[in-house]
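Engineer: below are the sequence and a predicted model; questions follow.
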Amino acid sequence: MRNSPLSARRPRIASYAISLACVALMSAAFLAAGAAGAASASAGDDAADQAVVSVQTVRVQRDVIAQPVRAYGIVAASASSLTTVNLPYLARIVQMRVQAGQSVTRGTPLFVVQADPAAVLAATQAKSAVTLAQGELARTQSLYDKGLATQSQLATARKAAEDAQQALAAQNQTGVASGNKVIAAPIDGVVLQLSAAQGDQVQPGAAILQLAGGNAKDVRANVMLGVEPSDVPAIHAGDTVTLHGLSTSLAKAAADGHVVLVGASVDQQSQLVNVGANVPLGQSAFIPGTRVRADIATRSGTHWVVPRSAVLKDDKGAYVFQITPQNKARRVAVVMQVENGDRYGVDGPIDGAEGLVVSGNYELKDGMAVRAGGGAPR
């Protein structure tokens, strides 16, 4: 008996059915694997979004901060702080009562002089001339009252008396006197230089000694500093100056004062601009001639004072991160106003109650979850 066509096709149909079943099973397996991979990736992304960055924070507050300008100079080097003691007449130094480096107060005897005899004679003659002129004026006035002298003669006598008085006043201003005369210090200060010695004869106007002023009431410059020309626009009279010693023995010494003058040209020798400062030195170690360095506080103002490590920059400008009460990073845009060593003075919407990130801030993005080291801002 012959097989029917349907019977011949059954094995082929069964084979096709098995193949289709295999394809379906493989497709289901691939879809399941893809779904599992997507779920895994999604879980990874969620985990990444929920990552917590560990940071270190500090408290931040507003305070006065200035930008220092470094300068170098010497104590009592400004001409405005020096007083030269001299005499307006020829004299001889009888006795020198001070020595270089000695501190003196106003009225302290400096030296004793004896005026030249010719100068004393000139002063005596000026006094005699006044007496004679006044007598002649009185006589001429009497004659004029009696009609025995003319008005011209009276005017001449009056003019002679006035000239004699002016000549005597000029002599009195010189301070010429017979015998020995003590010359006292006109200011508080330090004897910086002696230009004459005991027994010397000094000419009128010649320097005998120099005093370097530097008391608390003296507002003249007693320290001359040199600064770079580029720093000058930031320096103004009244800015605070802090002196420091250059030598090892004065490394820890310091004295505060203020700027009293700012030069308007560059010194041809140093190629720096001179800045004069008044620093009350009192009994400090900064004696005249001491070389010092100084920090001039410029652009002083009240700002948020933050560590240098807290400030970051990108194409949007400078910014810092603060930590919100919900332990989220908050980006705050700031404007840097002052730079002082390892600190900045900045302005911006900073919250003084929130911790400021100083370590780990490079890893942060706005809104990221964080964990402050130690559990709280330090």
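Structural biologist: In hand now; what should we look at?
Engineer: residue boundaries of the strands in the stretch 151-300 of the chain?
Structural biologist: Ranges of strands in the stretch 151-300 of the chain, per DSSP state E, counting those that start in this stretch, are 180-184, 189-194, 201-202, 207-213, 223-227, 240-245, 254-266, 273-278, 291-307.
Engineer: and for the shortest one, what's in contact with it?
Structural biologist: Residues outside strand 201-202 that contact it (Cβ atoms under 8 Å, 6 or more residues apart in numbering) are 86-87, 90-93, 113, 116, 196, 208. (Glycine included, C-beta is placed from N, CA and C.)
Engineer: show me how far the helix or strand where residue 126 lies is from its chain's centre.
Structural biologist: Element membership for residue 126, per DSSP states H and E: helix 117-145. Relative to its chain's centre, helix 117-145 lies at 61 Å (Cα atoms, centre = their mean, to the nearest Å).
Engineer: can you spell out which helices and strands pack onto that helix?
Structural biologist: helix 151-174 (3 or more Cβ pairs under 8 Å, 6 or more residues apart in numbering; DSSP states H and E).
Engineer: from the contact counts, what lies against the helix it packs on?
Structural biologist: Looks like helix 151-174 contacts helix 117-145 (3+ Cβ pairs under 8 Å, 6+ apart).
Engineer: which residues of the stretch 151-300 of the chain score low on pLDDT?
Structural biologist: For the stretch 151-300 of the chain, the stretches flagged by pLDDT under 70 are 214-219, 282-283.
Engineer: could you redo the last one with a cut-off of 90?
Structural biologist: Applying pLDDT under 90 to the stretch 151-300 of the chain flags residues 154, 161, 164-165, 167-179, 187-194, 205, 210-223, 245-255, 264, 278-290.
Engineer: apart from its neighbours in sequence, what residue is nearest residue 284?
Structural biologist: Distances taken as Cβ to Cβ, 6 or more residues apart in numbering place residue 255 nearest to residue 284, at 5.1 Å, with adjacent residues excluded.
Engineer: likewise residue 179?
Structural biologist: According to Cβ to Cβ, 6+ apart, the nearest residue to residue 179 is residue 114 (7.1 Å).
Engineer: next one: residue 242
Structural biologist: Nearest to residue 242 is residue 295, by Cβ to Cβ, 6+ apart, at 4.9 Å.
Engineer: contacting residues for that neighbour?
Structural biologist: Residue 295 neighbours (Cβ under 8 Å, 6+ apart): 68-71, 241-242, 244.
Engineer: and which of the residues you listed is nearest to residue 365?
Structural biologist: residue 68 (35.1 Å; Cβ to Cβ).
Engineer: quick one: strands adjacent to the helix or strand containing that closest one?
Structural biologist: Assigned by DSSP H and E, residue 68 belongs to strand 61-75. Here strand 61-75 has these sheet partners by DSSP bridges: strand 223-227 (antiparallel), strand 291-307 (antiparallel).
Engineer: out of those strands, deepest packed?
Structural biologist: strand 223-227 (a mean of 24; mean count of other Cβ atoms under 10 Å).
Engineer: what's in contact with it?
Structural biologist: Looking at strand 223-227 with Cβ under 8 Å, 6+ apart, the contacting residues turn out to be 69-78, 235, 241, 243, 257, 267, 270, 272-279, 292, 294, 296.
Engineer: surely residue 178 is in contact with residue 120?
Structural biologist: Yes - the criterion here is Cβ atoms under 8 Å, and residue 178 meets it with residue 120 at 4.9 Å.
Engineer: quick revisit: closest one of the contacts of residue 295 to residue 322?
Structural biologist: Residue 322 lies nearest to residue 68 out of those, by Cβ to Cβ, at 27.5 Å.
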